[in-house]
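**Student:** Got a predicted structure plus its sequence, pasted below:
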Amino acid sequence: MKYGESTFDILYLIFAIGSGTLILKRAKDGTEKAMGLAALILGCGDAFHLVPRVLNYFVTGRDFTAALGIGKLVTSVTMTAFYVMMYYIWLGWYGRREDRRMTMAVWALTILRVALCLLPQNGWAQNSSDMTWGIIRNVPFVALGALICVMYFRQRNAERTFRFVWLYVLLSFLFYIPVAVGASLVPMLGMLMLPKTVCYILLIAVFLKATGNGDRQLQEA
């Protein structure tokens, strides 16, 4: 199992970081640059957790507890930043005028999520799996994800490239929530992080397709 999971993690990081770099290289406007930046944020952030996880499988005589915990903290923050980028990508891709209330909601949930993640009660340095704090810090994150999911769902018929983004976001949270809440009691739930990562791969693939399509034309919903 450790070989399969480690290979998957390494290939995912290479794909995410490589794709982000490629998208930034061929980006033609601010929205496409945001896609590349989002992919890089996702890949680089996940590396802080996945690299120590892989090393923990193969390096003996070293304690990776703190590295794994701090890696989870970094990943928690960068995943949140990824969904902020998804909001601005939505604005640019669909040519939407920024709604002040929506922007305030996105940033309020983001700030609350990051603030909760930074509290010492999370026990990141001890790689704590406390269920209570796992739930508390994820409430604003799930709310942010739901907001982004609804945005893309409402625009799903506007054009073809992004029509399934809402589904990938929804599935990623459906796989993530059981891990965040119950993995401390049922460790096997951690395996759901693999299909969650597949959802992120699909999102990055959408960015690659979007930036390789040339000019885009929105259809009427």
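**Tutor:** Alright, I've got the coordinates.
**Student:** which secondary structure element contains the residue nearest the centre of the chain?
**Tutor:** Nearest to the mean C-alpha position of the chain, by Cα atoms, centre = their mean, lies residue 79 at 3.9 Å. Using DSSP states H and E, residue 79 maps to helix 65-93.
**Student:** on contacts alone, who are the packing partners of that helix?
**Tutor:** Here helix 65-93 is seen to pack against helix 30-58, helix 100-118, helix 131-154 when contacts are counted using 3 or more Cβ pairs under 8 Å, 6 or more residues apart in numbering; DSSP states H and E. C-beta: built from backbone N, CA, C; applies to glycine.
**Student:** Please list all residues in contact with the residue lying closest to the residue nearest to the centre of the chain once chain neighbours are set aside.
**Tutor:** Of all residues not flanking residue 79 in the chain, residue 45 sits nearest, at 6.6 Å (Cβ to Cβ, 6 or more residues apart in numbering). The neighbourhood of residue 45, defined by Cβ atoms under 8 Å, 6 or more residues apart in numbering, consists of 74-75, 77-79, 81-82.
**Student:** Tell me the pLDDT of residue 45.
**Tutor:** Looking at residue 45, its pLDDT reads 96.
**Student:** before we move on, back to that, so for the helix holding residue 79, what's the average pLDDT?
**Tutor:** 96.
**Student:** how big is the angle separating it from helix 100-118?
**Tutor:** 170 degrees (axes from the mean of the first three to the mean of the last three Cα atoms, to 10 degrees).
**Student:** sorry, back to before: next up, the contacts around the residue nearest to the centre of the chain.
**Tutor:** Counted by Cβ under 8 Å, 6+ apart, residue 79 has contacts 42, 45, 141.
**Student:** still on that earlier bit, with the contacts of residue 45 in mind, which one is nearest to residue 155?
**Tutor:** residue 82 (18.7 Å; Cβ to Cβ).
**Student:** in the chain, what spans have low per-residue confidence?
**Tutor:** Applying pLDDT under 70 to the chain flags residues 213-221.
**Student:** tell me the residue furthest from the middle of it?
**Tutor:** No residue in the chain sits farther from the centre than residue 61, which is 31.9 Å out by Cα atoms, centre = their mean.
**Student:** Distance of that one relative to residue 55?
**Tutor:** To residue 55, residue 61 is 12 Å away according to Cβ to Cβ, to the nearest Å.
**Student:** Then residue 131?
**Tutor:** On the measure of Cβ to Cβ, residue 131 and residue 55 end up 27 Å apart.
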